[in-house]
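J.: Below: sequence and its predicted model.
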Amino acid sequence: MMRGSILQFVLFFVYLVVQVLLLKNLVLFNTAFCFLYVAFILLLPVEMSNLLLMLIAFIFGFTIDIFYNSLGLHAMALVLVAYLRNYWLTAITPQGGYDVGTPPTLAANGVQWFLVYSLPLVFIHHLVLFFGEAASFNRFWFTMLKAITSLLFSASVMLIFQYLSLDRGRR
Amino acid sequence: MERLLKFVYESRAFFTFLILELFCVWMVIENNQYQSTTYFNTSNSIAASTISTSQNIREYFSLTDINNDLAVENSVLKKKLDQRNQLLYSMELSSFKDAAIINRFDYVSAKVINNSTRYYKNFITINRGTNHGIRAGMAAVSQLGTVGKVKSVSENYAVLISLLNIDDQVSSLIKRTGHFGTVQWNGADPLLIDLKFIPRHVKIQVGDTIVTSGYNAVFPEGIIIGKIESFKLNEEAQFHTIKVRLSQDFGKLSFVEIVKSNLKQEQDSLEQKTIGEPK
């Protein structure tokens, strides 16, 4: 457990650095953004309590916001994801339940389950983020386009990283 | 009472959620204010120095371009200086004796260390702050055109609201006809910006130059914004719908100049006295 916490703590900074120094500058077709950092919240251990999740999400989102000059926006979207995450996990519990102490990864539960788990949550995150930024429904379809293309982009990158870590686990 | 406490305790996750979200919304709204004095953005020294380091590394790959830009700027400035000198000889200086008017604007050069063009609300971070005399509300221009206004400053860094920000409005005029309107970005194409409130009787042409009007004392007048790319006039519309191609490609911004308007306070206080507090 202790080792796990330290690992999560290190991962916090890894996700942060990758997001603000690398992925922030990576935008495809002017509409597709990559918010890989959502994966950090998604991949925290299953039995972590809602309260702790939301606090971590808030701190993490707030730090991301500092670098994006968008105070409160990322924190808002991420806290929402953190709040919904555990309910969603309970709703889609695979047969036999989750292994205790492990994060809900692709390696543990298979690709189909992982997609069902991550896509809606990431999409909600993106919707809140982009509509929050636009602060209106004036540019509804353009904002929607942004959210959908970003969903595809973020989810693909997330999957790639999942497969990379899958490989390492087997060796 | 006990039951109420029990209820609150049992749904503590939901209440925490609510409190955190409300706090976030409050921050978002607070941050949307023009000239907020927040410390939590990229003018923050830790965030800024991180970004600055990363930008330094990236800059090595575009040094040639930056050099070229600077050389071009140099030549343009030299030419302007020469023209001005010629003009001064011929005009005998009679109308420009007021030093306060001549020195109305000071310029501070700054390097862009962070820039975005793809969000609805884009900001630019520069490596100059209060130590270099920069204050919130000052204008930023580049050699190619208008860039934005200073939003918040720390000691050594400042965050600018880019012209590519859906909240930013700049008073501007059509140079050829002299009619003034407002430019505001619509959030889609980072190369185009909308010119609003040009009444329908005005005869405009594709290619007309749009410059800042200088009515709000933030921007010096006559700083180029761009050229009219296309326009249309709907049957019942009061105003033209005009797309302006920005003269400054914001994707390539590397140096900006902050304009210190020495007479801004005087103009503002005079306007406040006569018109009343601005909203």
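T.: Happy to help now that I have it. Numbering: from 1, shown residues only, chains lettered A, B, ... in the order given.
J.: Please count neighbours and contacts with C-alpha atoms only from this point.
T.: OK.
J.: From A:Pro94, how far out is the residue most central in space within chain A?
T.: Geometric centre of chain A, nearest residue: A:Val38, 1.7 Å, by CA atoms, centre = their mean. According to CA to CA, to the nearest Å, A:Val38 and A:Pro94 sit 22 Å apart.
J.: Can I get the helix or strand of chain A with the lowest mean pLDDT in PDB? Just the C-alpha atoms.
T.: When the helices and strands of chain A are scored by mean pLDDT, DSSP states H and E, helix A:106-109 comes last with a mean of 75. Provided in PDB are the C-alpha atoms of helix A:106-109 (Å, rounded to 0.1, in the frame of the first residue of the first chain):
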ATOM      1  CA  LEU A 106      -6.800  -2.400 -19.300                       C
ATOM      2  CA  ALA A 107      -4.400  -5.200 -18.200                       C
ATOM      3  CA  ALA A 108      -6.700  -6.200 -15.300                       C
ATOM      4  CA  ASN A 109     -10.100  -6.000 -17.000                       C
END
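J.: Show residues contacting that helix.
T.: Defining contact as CA atoms under 8 Å, 6 or more residues apart in numbering or on different chains, one finds that helix A:106-109 is touched by A:Pro94, A:Trp113, A:Phe114, A:Gln162, A:Tyr163, A:Leu166.
J.: what comes up buried for the helix or strand just after it?
T.: Beyond helix A:106-109 on the C-terminal side, the first helix or strand identified by DSSP states H and E is helix A:111-134. Counting neighbours by 16 or more other CA atoms under 10 Å in any protein chain shown, one finds that the buried residues in helix A:111-134 are A:113-114, A:117-118, A:121-134.
J.: give the contact list for the residue nearest to the centre of chain A.
T.: Under the criterion of CA under 8 Å, 6+ apart, the neighbours of A:Val38 are A:Leu78, A:Val122.
J.: how close does it get to chain B?
T.: Taking CA to the nearest CA, to the nearest Å as the measure, A:Val38 and chain B are separated by 17 Å.
J.: On the pLDDT front, check that residue for me.
T.: On the pLDDT scale, A:Val38 is placed at 88.
J.: which parts of chain A sit against chain B?
T.: Applying CA under 8 Å from any CA of the partner chain, we find that chain A lies next to chain B at A:21, A:27, A:30-31, A:50-51, A:54, A:58, A:65-73, A:75-76, A:79-80, A:83, A:133-134, A:142.
J.: which among the residues you listed end up buried?
T.: Those of these that meet the buried threshold are A:21, A:31, A:50-51, A:54, A:58, A:65-73, A:75-76, A:79-80, A:83, A:133-134, by 16+ other CA under 10 Å.
J.: Narrow the residues you listed to those in helices?
T.: Among these, the subset assigned to helices under DSSP state H consists of A:50-51, A:54, A:58, A:65-68, A:73, A:75-76, A:79-80, A:83, A:133-134.
J.: Return the member of those residues nearest to chain B.
T.: When these are compared for distance to chain B (CA to the nearest CA), A:Ile66 comes out closest, at 4.3 Å.
J.: check contacts around the nearest residue to that closest one once chain neighbours are set aside.
T.: In space, not counting the residues next to it along the chain, A:Ile66 is nearest to B:Asn41; the distance is 4.3 Å by CA to CA, 6 or more residues apart in numbering or on different chains. Taking CA under 8 Å, 6+ apart as the contact definition, B:Asn41 lies against A:Asp65, A:Ile66, A:Phe67, A:Tyr68, A:Asn69, A:Ser70, A:Leu71, B:Ala47, B:Val159.
J.: and with 10 Å instead?
T.: Contacts here follow CA atoms under 10 Å, 6 or more residues apart in numbering or on different chains; on that basis B:Asn41 touches A:62-71, B:31, B:47-48, B:125, B:152-154, B:158-159.
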